[in-house]
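Colleague: One predicted model, sequence on top.
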Amino acid sequence: MAPKRKGDECSELSARERKKLKVADARTIAVQPVTSGNSSGHGDQAANATPGPSKTTISFDSMKGLPTTLDVERFTEARAYEIDAMERAIKSAKDSSTHRAWQTLPRHLRRRAASHNVRRVPVRLREKARAEMDPAKRKTRGGARPKRGKSKQMTRTESFLKRQIDKAWLETHIWHAKRTKMENMWGYRLSVTPTEKAFRPSHRASVHGSILHDASYYATIELKGPQSVLLATLETCCDPQGSGLKQCTSGSRTCDTHMYEHDRWPLGLIGPVTIIWQPLALDSTVSEAKTESKRNRKGKGKGKQGVNNDAAALDPSSQVRVVWVRAHPAVFEDVFEALRKSASHALHVNKSNNPTAPFQVEMNDLRGSINAFEIMGPKSSQVIKGILSLAGDDEREDFKKFWKLLSDLQTPGNVPRRMIIGFRVVDPRLKFPPKNAKPSYPDTPNSSAAPGSNLVFPTSLTALSDIWDENERDRLKKPKYKKKDLDERRSKLTIPGAKLRALRQDDRIPVMLIQRSLEACPPSSPSSSVLDKAQGIHGWTLLFPAGWSMAFLSSLVYTGTRIAGQRERVKQYFEAGIAAFPRDYPTSRACEVASEERAVQEREKWERTPPAKRASWEKLGTRSPWCGDWDIVLGLEPVQQGVDTTARLVTTQREDPSAANEVQPDPSKTSLRPWLLRGPKVPSILSSLSLDPPAFLNQINKLRERHHMAPLNGDVDAAQLWQTALAMVRVKMVGRGVPNDLASIYKMNDIEARKWLSAMCRNASARTNDAETPTEQELGDIRPAQEDIIGYVTSGDISLSRGEGFALGAISVVQYLTLRKQAQRLAQPAVIVKIRNRDATVSRAAYLELLDA
């Protein structure tokens, strides 16, 4: 580089020039010098070789002079200097790059502290990172605090327990706390969302790959007693619309239903639960019954009493069974109390019918005893097959067939729904690092030769698992070997990188694999082809004893499975088009608590925002910006115009007595709170357009009689039950627009609905010469009246699987039937409404469809 001024020839080189010389020197390959005694050197040719093009002309016209064979060892020794020079040049060129050690790592392995802490860098790069770091400097502190004595020092375990006074940690808490954002929820410290950008990658993983969620915070309640008593207990507090309650008693499938307060269905909704029956081996059951009958015959009192005992022993309804009820932690106390009341009622009824029978029901809280992982996605089967190794040979033929076909499943949705598989595996850390099982695709002629031969149907024999044994769970509460012990065993292997073999003293863990599907039920009407047709998301739920979460998590994450927090889990429900608990269960206690907490946070954020930058609810005409006002939706409270929505103040002026009498609702008409109608038979209940309050109450009582519950004729008024009912719906936008949470759903009269239909047809046909027909934008700018609100959106956003706006909401049952009549008059395939976000001024047209549970 030419000097800028005179006399700068002797000045020091600049930083840029020094860097260029350093890089050029690092990229220079050394050449072996030629010694003077070399026979091939004569005169000037004996001097050291210089880099550059060769001046020797080589002719390839003939193969003369080339050896017939090549000794690789001698050739390598002769070129040892050149090979070593090339390797050193490559290494020096790589070390002289502009990237530091921690910058050469992939993004998912980078850590914020890696720039000043060599322990945050992999071992292979620590030497380079240590050389790049500045010399350590002592941090100056204002005042050195005295250290605690050894007797007062707190161990790491004690410090962690001290931080769990007001909330509980999962076993994977420390792992998640380093990689995700954590919040206090339902008495736990749970992961909300990964710190990296994971919104779209998480959706792609659930649709094309695999994604993992630690669901160990779910509560498990165990009931133990006679089968008839347990069935009577569940019938009085569960949804009577489904038929799976009795069909799942064999233990081969789970039962997904809703829990209600004792003897209050359809009122008193608590939340969704999963019921699992402990399977019984038929051979062992029959043999135990025969053995017990022989003992009774040998004993005293032969005769009628012995015959009754034999019949009771052989009666399956009198067998002692075990049931697990898995519920969300937000409703654990309510579910436990409902089961306790139902069990007391069932015991009272059975003892009154048979006073001599010793009926008894035990209830246990299994929180902290069973952990659960939810692994969703089409590749979840290959991931599970890759990390789990069976402990010994299993003699069950159906299980062998299932385990062989597990890696060939294109999606877990190909197996029967809610199927249960029980087996025992070895410590997954022995097989670390795992490899995903590769599916094998058989030839088409062979696969089509025996259709249905690859199907494995759920049976009680394949569902057997030792995880039901309390002693077995307590024995495996803590792994026998730590990771340090396994690493020491791995270091003694003759072949580095080989897998450890399971020894006799290694742990064998009983697990339970449950098929899990998030999918919408078939449409409620045959003419709803224009509505939502989203595909379901399928996967598995892995249950295992407490104490083994990190052992399974490390292997699962190594396979490339992504991690899901609460946001990703809720989005899975949203993309599948089904309701997520508790946000999509309005009028339930858990949803009300969650709505109040969210309202407080959003209101505080709104108050911190300057007035010029925040939405003005009064000018927008939004009456309830923080939570859904269901009393206004159902007509239980009259709409008051001009109400301040930002704060509800108590006036100091005296009210007019006549006006007070008009506003105050009649207690006899509002004795019932708003309640949500859920269940698979909701479309059939609301199928008739001529449904009235007495007919509605009659259908409710028929379903109550199926579960031996008394009718609601004397306790509840039919008009009140009819007026306060809500129903969940799916919202599909007709054109533009993305509905958000707490968006208002408005009804339209026939004239306005026809205008909207004409505007939509005009946009579809691209006709712009019709000036008399108002455009969709003009219709959307008209502010709807507060009296036209019929519901609210509970979950709304852009749907990645649909590529458009989608939402779930709740509307009044009375208004839904009214709008169905309107759709029939307008010859529309579904109910048409208007949607307006709480902070928007434009309304959008949308179709509604009942959400089948």
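Modeller: Cool, the structure landed. Numbering: from 1, shown residues only.
Colleague: State the number of residues packed around L366.
Modeller: For L366, the count of nearby residues is 16 (other C-beta atoms under 10 Å). From N, CA and C alone the C-beta is placed, and that goes for glycine too.
Colleague: Also L223?
Modeller: L223: 22 surrounding residues under other C-beta under 10 Å.
Colleague: can you pull the contacts of it?
Modeller: 230, 233, 322-323, 325, 339, 343, 361-363 (C-beta atoms under 8 Å, 6 or more residues apart in numbering).
Colleague: ok, now with 10 Å
Modeller: Shown in contact with L223 (C-beta atoms under 10 Å, 6 or more residues apart in numbering): 229-230, 233-234, 275, 321-325, 339-340, 342-343, 361-364.
Colleague: Among these, which ones are in helices?
Modeller: Among the contacts of L223, the residues falling in helices (DSSP state H) are 229-230, 233-234, 339-340, 342-343.
Colleague: which phi and psi does the residue nearest to I370 when sequence neighbours are not counted have?
Modeller: Nearest residue to I370, sequence neighbours excluded (C-beta to C-beta, 6 or more residues apart in numbering): T220, at 5.3 Å. Dihedral angles of T220 (phi, psi; degrees, to the nearest 10) stand at phi -120, psi 130.
Colleague: Next, the contact list for T220, please.
Modeller: 274, 276, 324-327, 332, 364-370, 372, 543.
Colleague: Tell me what it is bridged to.
Modeller: Counting by DSSP bridges, T220 forms beta bridges with R326.
Colleague: Pull up the gap between it and P545, please.
Modeller: Per C-beta to C-beta, to the nearest Å, T220 is found 12 Å from P545.
Colleague: list residues touching both of the two?
Modeller: Residues touching both T220 and P545 (C-beta under 10 Å, 6+ apart): 369-370.
Colleague: Excluding chain neighbours, what is closest to the residue nearest the centre of the chain?
Modeller: Centroid-nearest residue in the chain: R569, 3.1 Å away (criterion: C-alpha atoms, centre = their mean). Once flanking residues are discounted, R569 sits nearest to H213: 5.2 Å by C-beta to C-beta, 6+ apart.
Colleague: And the pLDDT at the one you found?
Modeller: If you check H213, the pLDDT there is 96.
Colleague: I'd guess it is in a helix, am I close?
Modeller: No. H213: not assigned to a helix; according to DSSP: H, G, I helix; E, B strand; the rest coil it is strand.
Colleague: So which residues of the stretch 451-600 of the chain form helices?
Modeller: With helices called from DSSP state H, counting those that start in this stretch, the stretch 451-600 of the chain shows them at 470-475, 483-491, 549-558, 566-576, 589-608.
Colleague: Make a markdown table from the ones you listed and add distance to G386 to it.
Modeller: Formatted as a markdown table, the helices of the stretch 451-600 of the chain follow (distance: least, C-beta to C-beta, whole Å):
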| stretch | distance to G386 |
| --- | --- |
| helix 470-475 | 25 |
| helix 483-491 | 19 |
| helix 549-558 | 8 |
| helix 566-576 | 22 |
| helix 589-608 | 37 |
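Colleague: follow-up on the earlier one: check contacts around the residue nearest to R569.
Modeller: Contacts of H213 (C-beta under 10 Å, 6+ apart): 191, 372-376, 539, 541, 562-566, 568-569, 572.
Colleague: The residues you listed in strands, which ones?
Modeller: Judged by DSSP state E, these include 191, 372-376, 539, 541, 562-563 as members of strands.
Colleague: after the helix or strand bottoming out on mean pLDDT in the chain comes which helix or strand?
Modeller: Lowest on mean pLDDT, DSSP states H and E among the helices and strands of the chain sits helix 657-663, with a mean of 39. Downstream of helix 657-663, the first helix or strand assigned by DSSP states H and E is strand 675-677.
Colleague: got any ranges where the chain has weak pLDDT?
Modeller: 1-11, 34-65, 95-98, 134-148, 281-317, 441-454, 521-532, 639-670, 764-771, 853 (pLDDT under 70).
Colleague: quick one: stretch 628-636 to chain centroid distance?
Modeller: Taking C-alpha atoms, centre = their mean, to the nearest Å, one finds stretch 628-636 lying 32 Å from the centre of the chain it belongs to.
Colleague: That stretch: end-to-end distance?
Modeller: Stretch 628-636 has its terminal residues 14 Å apart, counting by C-alpha to C-alpha, to the nearest Å.
Colleague: Next: stretch 823-839.
Modeller: Note: stretch 823-839 ends 29 Å apart using C-alpha to C-alpha.
Colleague: Repeat that for stretch 779-794.
Modeller: Across stretch 779-794, the terminal residues are separated by 25 Å (C-alpha to C-alpha).
Colleague: Would you map the strands across the stretch 651-800 of the chain?
Modeller: For the stretch 651-800 of the chain, the strands defined by DSSP state E, counting those that start in this stretch occupy 675-677, 725-733, 744-746, 789-799.
Colleague: Likewise for the stretch 251-400 of the chain?
Modeller: Along the stretch 251-400 of the chain, the segments classed as strands by DSSP E, counting those that start in this stretch run 255-260, 269-277, 320-327, 362-365, 370-376.
Colleague: would CSV of the ones you listed with distance to K619 and mean neighbour count be doable?
Modeller: CSV is the format used below for the strands of the stretch 251-400 of the chain (distance: least, C-beta to C-beta, whole Å; neighbours: other C-beta atoms under 10 Å):
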stretch, distance to K619, mean neighbour count
strand 255-260, 41, 23
strand 269-277, 37, 23
strand 320-327, 44, 22
strand 362-365, 52, 13
strand 370-376, 44, 23
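Colleague: want to try JSON lines for these, with distance to G422 as columns?
Modeller: Below are these laid out as JSON lines (distance: least, C-beta to C-beta, whole Å):
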{"stretch": "strand 255-260", "distance to G422": "17"}
{"stretch": "strand 269-277", "distance to G422": "11"}
{"stretch": "strand 320-327", "distance to G422": "13"}
{"stretch": "strand 362-365", "distance to G422": "20"}
{"stretch": "strand 370-376", "distance to G422": "13"}
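Colleague: Which one of those lies nearest to H116?
Modeller: Among the strands of the stretch 251-400 of the chain, the nearest to H116 by C-beta to C-beta is strand 370-376 (35.5 Å).
Colleague: The closest one - which strands sit beside it in the sheet, and in what orientation?
Modeller: By DSSP bridges, strand 370-376 pairs with strand 211-214 (antiparallel), strand 537-545 (antiparallel).
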